[in-house]
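Got a predicted structure plus its sequence, pasted below:
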Amino acid sequence: MFAKLCGDTYVLRLEIGEEIVEAIKSFCARENLLCAEVSGIGAVSEATLGFYNVKSKEYSKTVIGGPLEMVSLLGNVTQKDGEPYLHLHASFSGKDCNCVGGHLNAAVIGVTGEIFLRKIDGEIGRRTQEDIGINILDI
Amino acid sequence: MFAKLCGDTYVLRLEIGEEIVEAIKSFCARENLLCAEVSGIGAVSEATLGFYNVKSKEYSKTVIGGPLEMVSLLGNVTQKDGEPYLHLHASFSGKDCNCVGGHLNAAVIGVTGEIFLRKIDGEIGRRTQEDIGINILDI
Amino acid sequence: MFAKLCGDTYVLRLEIGEEIVEAIKSFCARENLLCAEVSGIGAVSEATLGFYNVKSKEYSKTVIGGPLEMVSLLGNVTQKDGEPYLHLHASFSGKDCNCVGGHLNAAVIGVTGEIFLRKIDGEIGRRTQEDIGINILDI
């Protein structure tokens, strides 16, 4: 990954083989970036999407084989237990252009990734809300 | 809804049962937020999407039953008649990960909603453009 | 196209018949806007989407007939050879709400386009990476 800080925004270029969620998380930890808005585009070789079942409190996972365009990547960086916490959703399309999407568990860059992290002043944590089984924004 | 102002950005957490468009609009009215860019992710129990037919000047509505991940929420807050005016588009996916999307008429939070409103300096109104039948940005 | 600069953000309204990629590029050239984040929504009469095949180093193109809601438009403005360089991905949906998306080659406004260009301080170029055949962010 290559990064450049421009004003309030880290512009990231991810390379073939890098896993997006882990790469962004590691970058944020290294830069001590704990509150940011994420947006991005790119192309991946594989994506793992999650769908949350609020009744069973479990994510079902679907692995989508690529190559795929990453049509949209949106989400945020907050913090939990002093570490950056990523919550990202994304959509992808293959050659037929049909979009699949969901909670982004992981995606591996297939061509390039262009991701913008806009720093937000302040701190936002996460806390586990037991009845729904997820880590919600602590605000 | 819970909100925290961080720098130029209101970070919102919406709770189960809240309707997104109405909740954001009420928040903006209360905070006198009349110009902002909106982005968000979350999970909903139901979404109502609109598709505009420029010939008939009517929106067709489609109600999509959930649960659904909200893969992308994008749009803006401007003003009309002194009130906040929301224009939002969104995409959603079910367990099969296939995305549906369109103009967002309404969506009810099913798990949580994480929505960022980035305040934009200045004022932008809306005016009705009769020949296409919609309220366009007044710029 | 009509535009208003609000703080760090150009708010654009595109009119029926305008092609989005060319319209934004011309605007950026005129305003000397060489680094920005792009987001937008709208409705188009036709879209041409690209899907990159990293093996053949070629984009396959798919023309999608409208009318279509533009559900998401995300990407960036950087520079190459002293000119603005746009990289945009977008998703669209028809009356059935199913989303199609990919690399945005072109799309013609069918109703209106509401596009936000957030200026980013600094400069980011593009350079051709021969082995993958595309112009990557030069960072």
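Structure's in. What do you need? All values derive from a computational prediction rather than experimental measurement.

For the residue positioned nearest the centre of chain A, list each beta-bridge partner.
The residue lying closest to the centre of chain A (C-alpha atoms, centre = their mean) is A:L88, at 3.5 Å. Beta-bridge partners for A:L88, by DSSP bridges, are A:G75.

Show me the helices in chain A, by range?
In chain A, the segments counted as helices under DSSP state H are A:20-31.

what ranges do the strands span in it?
With DSSP state E, the ranges of strands along chain A come out as A:2-6, A:9-14, A:36-53, A:58-80, A:83-93, A:99-119, A:126-129, A:134-137.

Quick check, A:T78 in contact with A:G122.
No. With contact defined as C-beta atoms under 8 Å, A:T78 does not count as touching A:G122 (10.3 Å). C-betas here are computed from N, CA, C, even on glycine.

which residues do those two both contact?
A:C35 (C-beta atoms under 8 Å, 6 or more residues apart in numbering or on different chains).

More neighbours: which of the two?
A:T78 (23 against 13; other C-beta atoms under 10 Å in any protein chain shown).

I'd like the distance between that one and chain B.
9 Å (C-beta to the nearest C-beta, to the nearest Å).

Report the spatially closest residue to that residue, excluding sequence-adjacent ones.
Excluding the flanking residues, the one nearest A:T78 by C-beta to C-beta, 6 or more residues apart in numbering or on different chains is A:I124, at 4.4 Å.

coming back round to it: and C:T62, which of the strands of chain A is closest to it?
strand A:83-93 (9.7 Å; C-beta to C-beta).

Please work out the angle formed by the directions of the closest one and strand B:99-119.
Using axes from the mean of the first three to the mean of the last three C-alpha atoms, to 10 degrees, the direction of strand A:83-93 lies 140 degrees away from that of strand B:99-119.

so A:K25 touches A:H87, yeah?
No. Assessed by C-beta under 8 Å, A:K25 is found out of contact with A:H87, at 11.0 Å.

Pick out whichever of the two has more residues nearby.
Shown here are A:K25 and A:H87; by other C-beta under 10 Å, A:H87 has more neighbours (22 against 17).

isn't A:Y85 right up against A:V77?
Yes. Assessed by C-beta under 8 Å, A:Y85 is found in contact with A:V77 at 7.1 Å.

what about these two, which has more around it?
Each of A:Y85 and A:V77 has its neighbours counted (other C-beta under 10 Å); A:V77 has more, 24 against 18.

Contact partners for the more buried one?
Contacts of A:V77 by C-beta under 8 Å, 6+ apart are A:24, A:28, A:33-38, A:84-86, A:117.

Contacts only, for A:Y52.
Going by C-beta under 8 Å, 6+ apart, A:Y52 touches A:58-59, A:103, A:134, B:43, B:67, B:69, B:111.

Also A:L117?
Contacts of A:L117 (C-beta under 8 Å, 6+ apart): A:9-10, A:12, A:24, A:27-28, A:33, A:36-38, A:77.

what's the answer for A:S72, then?
A:39, A:41, A:90-91, A:101, B:71-72, B:91, C:72, C:74, C:89, C:91, C:101.

Is it possible to get TSV of those that adds pLDDT and distance to C:F2?
Formatted as TSV, the contacts of A:S72 follow (pLDDT from 0 to 100; distance: C-beta to C-beta, whole Å):
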residue	pLDDT	distance to C:F2
A:S39	98	24
A:I41	98	26
A:A90	98	32
A:S91	98	29
A:G101	98	32
B:V71	98	30
B:S72	98	25
B:S91	98	27
C:S72	98	22
C:L74	98	22
C:H89	98	24
C:S91	98	25
C:G101	98	26
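
Which single one of those residues is nearest to C:E19?
After measuring these against C:E19 - C-beta to C-beta - the closest member comes out as C:H89, at 16.3 Å.

Report how many residues lie close to the closest one.
Residues near C:H89, counting by other C-beta under 10 Å, number 27.

Which members of the contacts of A:L117 define the maximum pairwise distance?
Among these, the pair separated by the greatest distance (C-beta to C-beta) is A:F27 and A:E37, at 14.8 Å.

who's in contact with A:E114?
The contact partners of A:E114, by C-beta under 8 Å, 6+ apart, come to A:11-14, A:40-42, C:75-76, C:87, C:137.

if you set the cut-off to 7 Å instead, what comes out?
Contacts of A:E114 were listed using C-beta atoms under 7 Å, 6 or more residues apart in numbering or on different chains, and they are A:13, A:40-42, C:76, C:87, C:137.

Ok, A:K57 next?
A:K57 makes contact with A:G133, according to C-beta under 7 Å, 6+ apart.

Show me what from chain A comes close to chain C.
A:2-4, A:6-7, A:9, A:11, A:13, A:39, A:41, A:43, A:67, A:69, A:71-72, A:91, A:93-95, A:97-99, A:110-112, A:114, A:116 (C-beta under 7 Å from any C-beta of the partner chain).

Buried subset of those as a ChimeraX selection?
Provided next is the ChimeraX selection string for whichever of the residues of chain A next to chain C are buried by 16 or more other C-beta atoms under 10 Å in any protein chain shown:
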select /A:3,4,6,9,11,13,39,41,43,67,69,71,72,91,93,94,97,99,110,111,112,114,116
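
in stretch A:18-26, what counts as buried?
Residues A:18-21, A:23-25 are the ones in stretch A:18-26 that count as buried (16+ other C-beta under 10 Å).

ok, the residue nearest to A:T78 touching A:I139?
Yes. In this structure, A:I124 is within contact of A:I139 by C-beta atoms under 7 Å, at 6.2 Å.

Quick check: neighbours shared by the two?
The contact sets of A:I124 and A:I139 overlap at B:4, B:11 (C-beta under 7 Å, 6+ apart).

Show me which of the two is the more surrounded one.
Using other C-beta under 10 Å as the criterion, A:I124 and A:I139 rank with A:I124 on top: 22 against 17.

roughly how far apart are the more buried one and C:E69?
Shown here: A:I124 relative to C:E69, a distance of 31 Å by C-beta to C-beta, to the nearest Å.

Just list the residues touching the residue nearest to A:T78, thanks.
Contacts for A:I124 were tallied using C-beta under 7 Å, 6+ apart; they are A:35, A:78, A:137-139, B:4, B:6, B:11.

Next one, pLDDT for A:G133 please.
As predicted, A:G133 sits at a pLDDT of 88.

and the nearest residue to A:I24 once chain neighbours are set aside, how many residues sit next to it?
Spatial nearest neighbour of A:I24, chain neighbours left out: A:L86 (6.0 Å); criterion: C-beta to C-beta, 6+ apart. When counting by other C-beta under 10 Å, one arrives at 17 neighbours for A:L86.
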